[in-house]
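A.B. asks: Kindly return the folded structure for what I paste below:
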Amino acid sequence: QLQLVESGGGWVQPGGSLTLSCTGDGFTFNSYAITWFRRAPGKEREGVSCISQNGGFVNYQDSMTGRFTISRDDAKNTVYLQMNSLTPEDTGVYYCAASIGCQYYNIDFWGKGTLVTVSA
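C.D. replies: Sure, this is the predicted structure:
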């Protein structure tokens, strides 16, 4: 069964850091690019960051550049999202998704998400 499982969410104060993990199972992990999305309360889902199959290409949405770092460890079938300098606007459910090629649209399958709450 194809699955992606996110972990690492939780509560953090503004200015703090969290590292999210996305672990895959049931498919050839290193054949897929992995993208992080998030959905803030009352807002549309938005792309956050993407990493290519071999990790040689990464992309960040503008508001995350310089604060977030995406990486992958294919030996562990896991992609990480290191998030620093978090603000309340970063609050939301974070999802990872798999696709062929780094992109934010043609997604093959999704994880169920992990909640990040940034508040004082």
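A.B. asks: need the contact list for the nearest residue to T78 once chain neighbours are set aside.
C.D. replies: In this structure, T78 finds its nearest non-sequential neighbour in T23, 4.8 Å apart by C-beta to C-beta, 6 or more residues apart in numbering. Where C-beta positions appear, they are placed from N, C-alpha and C, glycine not excepted. T23 is in contact with 4-5, 7, 76-78, counting by C-beta atoms under 8 Å, 6 or more residues apart in numbering.
A.B. asks: So what sits opposite T23 in the bridge?
C.D. replies: V5, T78 (DSSP bridges).
A.B. asks: Can we start the residue count at 9 from this point?
C.D. replies: Yep, numbering from 9; the last one is T31 now.
A.B. asks: Selection in ChimeraX covering whichever of the contacts of T31 are buried, please.
C.D. replies: To isolate the buried members of these in ChimeraX, using 16 or more other C-beta atoms under 10 Å:
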select :12,13,85,86
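A.B. asks: just the contacts of T31 now: which is nearest T73?
C.D. replies: T86 (22.6 Å; C-beta to C-beta).
A.B. asks: Now do the strands in this structure.
C.D. replies: With DSSP state E as the criterion, the chain has strands at 11-15, 18-20, 26-33, 41-47, 53-59, 66-68, 76-81, 86-91, 100-107, 117-118, 122-126.
A.B. asks: Output those strands in a markdown table, with mean pLDDT appended to each entry.
C.D. replies: Converted to a markdown table, those look like this (pLDDT from 0 to 100):
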| stretch | mean pLDDT |
| --- | --- |
| strand 11-15 | 97 |
| strand 18-20 | 98 |
| strand 26-33 | 98 |
| strand 41-47 | 98 |
| strand 53-59 | 97 |
| strand 66-68 | 95 |
| strand 76-81 | 98 |
| strand 86-91 | 98 |
| strand 100-107 | 98 |
| strand 117-118 | 94 |
| strand 122-126 | 98 |
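A.B. asks: Just give the closest residue to C30, not the sequence neighbours.
C.D. replies: Sequence neighbours aside, C104 is the residue nearest to C30 in space, at 3.4 Å (criterion: C-beta to C-beta, 6+ apart).
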